[in-house]
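Undergrad: show me how the following folds:
(4 chains)
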Protein chains: 4
Amino acid sequence: MEEKETGRLEAFSDGVFAVAITLLVLNLHLPDALKDDNLLRRELFAQWPAFAAFVTSFATIGVMWINHHRLFTHIKRVDTPLMLLNLLLLMLIVFVPFPTALLAEYTVQPDQHLAAFLYCGTFIVLAICFSLLWRYASYKNRLLDKKADPEAVQAITRQYRFGPLFYLVAFGLAWIYVPASIAANLLLALFFALPGRKPPHTEPGTLSEQGE
Amino acid sequence: MEEKETGRLEAFSDGVFAVAITLLVLNLHLPDALKDDNLLRRELFAQWPAFAAFVTSFATIGVMWINHHRLFTHIKRVDTPLMLLNLLLLMLIVFVPFPTALLAEYTVQPDQHLAAFLYCGTFIVLAICFSLLWRYASYKNRLLDKKADPEAVQAITRQYRFGPLFYLVAFGLAWIYVPASIAANLLLALFFALPGRKPPHTEPGTLSEQGE
Amino acid sequence: MEEKETGRLEAFSDGVFAVAITLLVLNLHLPDALKDDNLLRRELFAQWPAFAAFVTSFATIGVMWINHHRLFTHIKRVDTPLMLLNLLLLMLIVFVPFPTALLAEYTVQPDQHLAAFLYCGTFIVLAICFSLLWRYASYKNRLLDKKADPEAVQAITRQYRFGPLFYLVAFGLAWIYVPASIAANLLLALFFALPGRKPPHTEPGTLSEQGE
Amino acid sequence: MEEKETGRLEAFSDGVFAVAITLLVLNLHLPDALKDDNLLRRELFAQWPAFAAFVTSFATIGVMWINHHRLFTHIKRVDTPLMLLNLLLLMLIVFVPFPTALLAEYTVQPDQHLAAFLYCGTFIVLAICFSLLWRYASYKNRLLDKKADPEAVQAITRQYRFGPLFYLVAFGLAWIYVPASIAANLLLALFFALPGRKPPHTEPGTLSEQGE
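TA: Reported below is the predicted structural model:
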């Protein structure tokens, strides 16, 4: 039986994901003391871009955690390049609250797109990092479990191949209409929440997926 | 022996609970430099709603963690819908510091109820999320330990059935008198801290509960 | 072999300790842009109470973590009262950054003692909580490992008996001279960092301590 | 088979590393509402020292985590001095966001070096702490795994011997030109990311390294 070496790497990554995802709440600003409930309600509704950005970033980081979890059910060994790639990925996760806050503040200006570019750009780079990490670990099964299901591995590779391209579409939408770009990011989070489909001609013997 | 797959999901959730519960302290504001102890004491006493909200939110998040822990002593398997339901639950946990801060600021205004509505409303949705997560996992023992004690499972189901309704009462109280609503939330935290009672006619053979 | 049930309780507590101890750094304030290094140096030196409070609180929370770790090498089972006592203890740990910030701001005023009282008072209540938690868990070996070394258990009980009293002395010193009280808290952290001494007539057979 | 006692120490340390590394993002300041994208772009570019300090500190803390992980693949036992040395190390890790913020604010002033001294000084003390921790644990294999590879142990000792000196060079560069000193710190992070080289005459039988 092969021992799993990735325990502490996963624990540290879980911690970073958990802190970064929780810091997002600091982007929701408390309205100054207002005299009645109507003013407070109006003030809260005016903050809708902050809430939309909070939900989108939370969903994106959360789903990226789900993907990190999925990759490391197959990765069993650790080496220095993997730790550095993982660190790069975590640096971008930690960075997310900053473009989220920018987006929340600048999304209401109809002629401003820079915040949305930075926001989508961060996710493009994150998708590339995920791709690199997976390619490095899965190349010739370098760091994978020797018993890893080849079809499950291939399904992840297929799903990740076009990840950065999908985020590029969201980036493009930011040029036209920022709220549409936020919605596209939310949809992409949903897409990556689902596990990659296996190649179509391999239905028999898919038992190994159920525990994923 | 059945392997437990939920390790990393629990570790990530523990991290999010831990960060969210600790961020509550940032809602306690430092009084500006005051010239003597009497002024400082008065200033600190005037902040009582912030302290009450801190204690109530800490107790609620803490007890929700206890319940999360209780559910996952029975849940042994993980699938994508469970991860998404768990993520939704965590998003609401992460959100709690925001309505807590709102409540702390607006609870002293006798004619303002909106902050308390938002506060209690968050807990209603959280109670619904817990119910959904448990129902999904326990439906036909989908994701539960095969050796899970059916009575312990049923006790949780019974306790959670009325959870959202109880929080609705606290919501109603916010309409009448906000501090009463905060007290009701504290009482509800205490109620959910206790494990659900098992059906009355099954006293013999309750050995399986003691380790829970 | 007895299974350890406290894994998740420890993980959640580790998370809370880790976040609370790290939030202490937010109490160190950045001086506003100053024109030369001499002004900056003076400004940083003027902040010495903030640094002293940072070090003292870090040492105290850190040593309380060491003690939590020590207790849970013996505690093997979990029940609802233990979880609630642990939650109470964590609430006070989470609260520590607030009196630390107060102390940092008010320690320089020679005639102000309230911040130091609140600071030392928090530690008294924390010491009481530790005592209660240990007494509850160790009473008739309720939740301890069946193979727990009785002398190691007794050594902890002895050390904790006077813990609250020691912190009361630091509280008393705050009445006379605040910096002396901070120094006393630092010394107490060091005292509790060391494991309790075993009863003097039991030197033979102390092998079981070395791994602690 | 020797049981590993360091589980909780590693979990707590992982938590502290994760929170400290994530708090670095709070040093990136949101520009005030600006009327057009050109102003925003200029404002963000003007913040380059904050971004450079973010990346450098993230890399340094991250690589220090990798080193902590590397040490604890060999350390198997825990005693009180090790816990205190580890606590000292964590206190410095927690402190890093403060000099990072200072550096970000003062690096643009050509005649100010104090912030860079404090920044590099923190890393010198951190390097000394790592050295002390490793020397204490590895002295006569005090706390190491009995099966620890002597060559891997020696490789770490060799790499750490000059660690503080290397950081002293970065400190010296801060005297001359602050950005060069930041770059030197980044390079040092990269150097410590790589595992220490084993003594040259021991190429045969290096199989034990691959799993590191």
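Undergrad: where does chain A get nearest to chain B, residue-wise?
TA: Nearest residue of chain A to chain B (CB to the nearest CB) works out as residue A:18 at 2.9 Å. (Glycine included, C-beta is placed from N, CA and C.)
Undergrad: if I look at the residue nearest the centre of chain A, how far off is residue A:89?
TA: Centroid-nearest residue in chain A: residue A:64, 3.3 Å away (criterion: CA atoms, centre = their mean). According to CB to CB, to the nearest Å, residue A:64 and residue A:89 sit 8 Å apart.
Undergrad: which residues are common contacts for these two?
TA: Taking CB atoms under 8 Å, 6 or more residues apart in numbering or on different chains as the criterion, residue A:64 and residue A:89 both touch A:126, A:130.
Undergrad: quick one: the helix or strand containing residue A:103 near chain D?
TA: Assigned by DSSP states H and E, residue A:103 belongs to helix A:97-106. Yes. Counting by CB under 8 Å from any CB of the partner chain, chain D has neighbours in helix A:97-106: A:97-98, A:101-102, A:105-106.
Undergrad: list the buried residues of the lengthiest helix in chain A.
TA: Determined from DSSP state H, the single longest helix within chain A is helix A:48-74. For helix A:48-74, a neighbour-count test (16 or more other CB atoms under 10 Å in any protein chain shown) marks A:49-74 as buried.
Undergrad: got the CA positions of stretch A:90-104 in PDB?
TA: Extracted in PDB, the C-alpha atoms of stretch A:90-104 (Å, rounded to 0.1, in the frame of the first residue of the first chain):
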ATOM      1  CA  LEU A  90      -2.200  29.900  -3.500                       C
ATOM      2  CA  MET A  91      -0.700  33.300  -4.000                       C
ATOM      3  CA  LEU A  92      -3.300  34.000  -6.700                       C
ATOM      4  CA  ILE A  93      -6.100  32.700  -4.400                       C
ATOM      5  CA  VAL A  94      -4.800  35.000  -1.600                       C
ATOM      6  CA  PHE A  95      -4.800  37.900  -4.200                       C
ATOM      7  CA  VAL A  96      -8.500  37.400  -5.200                       C
ATOM      8  CA  PRO A  97     -10.000  39.600  -2.400                       C
ATOM      9  CA  PHE A  98      -8.200  42.600  -3.800                       C
ATOM     10  CA  PRO A  99      -9.600  42.500  -7.400                       C
ATOM     11  CA  THR A 100     -13.000  41.500  -5.800                       C
ATOM     12  CA  ALA A 101     -12.900  44.700  -3.800                       C
ATOM     13  CA  LEU A 102     -11.900  46.700  -6.900                       C
ATOM     14  CA  LEU A 103     -14.700  45.200  -8.900                       C
ATOM     15  CA  ALA A 104     -17.200  45.900  -6.200                       C
END
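Undergrad: any part of that stretch near chain B?
TA: No. Applying CB under 8 Å from any CB, one finds stretch A:90-104 out of contact with chain B, separated by at least 11.8 Å.
Undergrad: shaky segments in chain A?
TA: A:1-3, A:198-212 (pLDDT under 70).
Undergrad: do you know how far residue A:27 is from residue C:186?
TA: Distance from residue A:27 to residue C:186, counting by CB to CB: 37 Å.
Undergrad: coming back round to it: for the residue of chain A closest to chain B, the count of nearby residues, please.
TA: By other CB atoms under 10 Å in any protein chain shown, 30 other residues sit near residue A:18.
Undergrad: isn't it right up against residue B:9?
TA: No. Residue A:18 is beyond contact range of residue B:9, at 11.8 Å (criterion: CB atoms under 8 Å).
Undergrad: grab the nearest non-local neighbour of the residue of chain A closest to chain B.
TA: residue B:15 (2.9 Å; CB to CB, 6 or more residues apart in numbering or on different chains).
Undergrad: did I read that right, the one you found in a helix?
TA: Yes. Membership of residue B:15 in a helix is supported by DSSP: H, G, I helix; E, B strand; the rest coil.
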